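**Student:** The sequence and its predicted three-dimensional model are supplied below.
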Amino acid sequence: VRLGLLLQPAWVRVLWSHAAAVLLGVAAGMIYHRAQVATLQRTTETLERRPHFEAASLAYSFGTPDQARVLLHGLLRQAPTSDLDWGDRMMTRVRLAILEGEHLKAGPAPHLTSAADACRRFGRPDCSVEQLRELAGNLAAARLR
Amino acid sequence: MFFAKLGARIASHSVAFAVAAAATAGALTAAEFARARESPLFRIAMRAEKSASVPSTLDADLRVIDREYGVPTADFIRLSLALRERKLTEAAAVCSRLALSRCDPKSLAELRETVAR
């Protein structure tokens, strides 16, 4: 093959070597995209969650508890993909805990337990259920004002 | 002469490599955005960011969202968009439809702050 290539006219050799350069370029482009695609997907998914999260904040702050529950439970159907999303997930769970009155009573608190898990994934230092119960109490008082 | 030829060959091969790499990465990234644009929530997010690259399909998108997430998700998203775009008449109409307790201009300004935060 090498001898065959060497016997080709110069312009054919140039054509082949450019084709090889293009193929290498395509491979490099694919490798680069593969390295960046996870970041790109996280960005688009975080963007995608924004309108729903804003609407849920409005529903929680100004809507009825039933309206707020629909929007907050809707948010839980979208799996978090970035640290920021885990922060939003923590707030969503704390708000649901407030709507269910989990901050008012001791005992099982499923939303606060999930909020504590999201809080740890968000990278906050203190994520105990009791700490989040206190946060929920403060937020609930602010909601009533 | 030899070095000039060699330089020209290296340059032309580098250009072929770079153009192919950039075109491939660009095409794959564009495909990723096209996939994201299939989601109604992403199209609404792009509209909120005032992106001109997204077609105006708001009503159809909101109908899909209500089917998928339940009433009144779409109306709250519409309210949030109207507040972002400072369309206070539309915001007041959606606010009344949602039966929120306060839909006067002062309360709408307060709602707008919540969206802006």
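**Tutor:** Perfect, thanks for sending it.

**Student:** hey, let's count contacts and neighbours off CA atoms from now on
**Tutor:** Fine.

**Student:** what residue is smack in the middle of the chain?
**Tutor:** This is for chain A. Centroid check for chain A by Cα atoms, centre = their mean gives A:Thr81 as the closest residue, at 3.0 Å.

**Student:** my bad, chain B
**Tutor:** By Cα atoms, centre = their mean, the most central residue of chain B is B:Met46, 1.1 Å off.

**Student:** what helices or strands is the lengthiest helix in chain A leaning on?
**Tutor:** Longest helix in chain A by number of residues (criterion: DSSP state H): helix A:10-62. Helices and strands touching helix A:10-62, by 3 or more Cα pairs under 8 Å, 6 or more residues apart in numbering or on different chains; DSSP states H and E, are helix A:65-76, helix A:83-99, helix B:2-36, helix B:40-48, helix B:73-84, helix B:105-116.

**Student:** hmm, the longest one in reach of chain A?
**Tutor:** When you say that, I think you mean helix B:2-36. Yes - using Cα under 8 Å from any Cα of the partner chain, helix B:2-36 reaches chain A at B:12-14, B:16-25, B:28-29, B:32-33, B:36.

**Student:** still on that earlier bit, so how far is A:Leu75 from the residue nearest to the centre of chain A?
**Tutor:** Computed as Cα to Cα, to the nearest Å, the A:Thr81 to A:Leu75 distance reads 13 Å.

**Student:** Name the helix or strand for A:Asp126, please.
**Tutor:** Under the criterion DSSP states H and E, no helix or strand holds A:Asp126.

**Student:** Contacts for stretch B:34-49, please.
**Tutor:** A:44-45, A:47-52, B:54-55, B:58, B:61-62, B:64-65, B:81, B:84-85 (Cα atoms under 8 Å, 6 or more residues apart in numbering or on different chains).

**Student:** Contact partners for B:Phe17?
**Tutor:** Counted by Cα under 8 Å, 6+ apart, B:Phe17 has contacts A:Ala21, A:Val22, A:Leu23, A:Leu24, A:Gly25, A:Val26.

**Student:** Touching stretch A:115-133 from outside, list them.
**Tutor:** A:83-84, A:86-87, A:89-94, A:102-103, A:112-113.

**Student:** Quick check: buried residues in that stretch?
**Tutor:** Neighbour counts over stretch A:115-133 (16 or more other Cα atoms under 10 Å in any protein chain shown) mark A:Ala115, A:Ala116, A:Asp117, A:Ala118, A:Cys119, A:Arg120, A:Arg121, A:Phe122, A:Cys127, A:Val129, A:Leu132, A:Arg133 as buried.

**Student:** again with stretch A:20-31
**Tutor:** A:Ala21, A:Val22, A:Leu23, A:Leu24, A:Gly25, A:Val26, A:Ala27, A:Ala28, A:Gly29, A:Met30.
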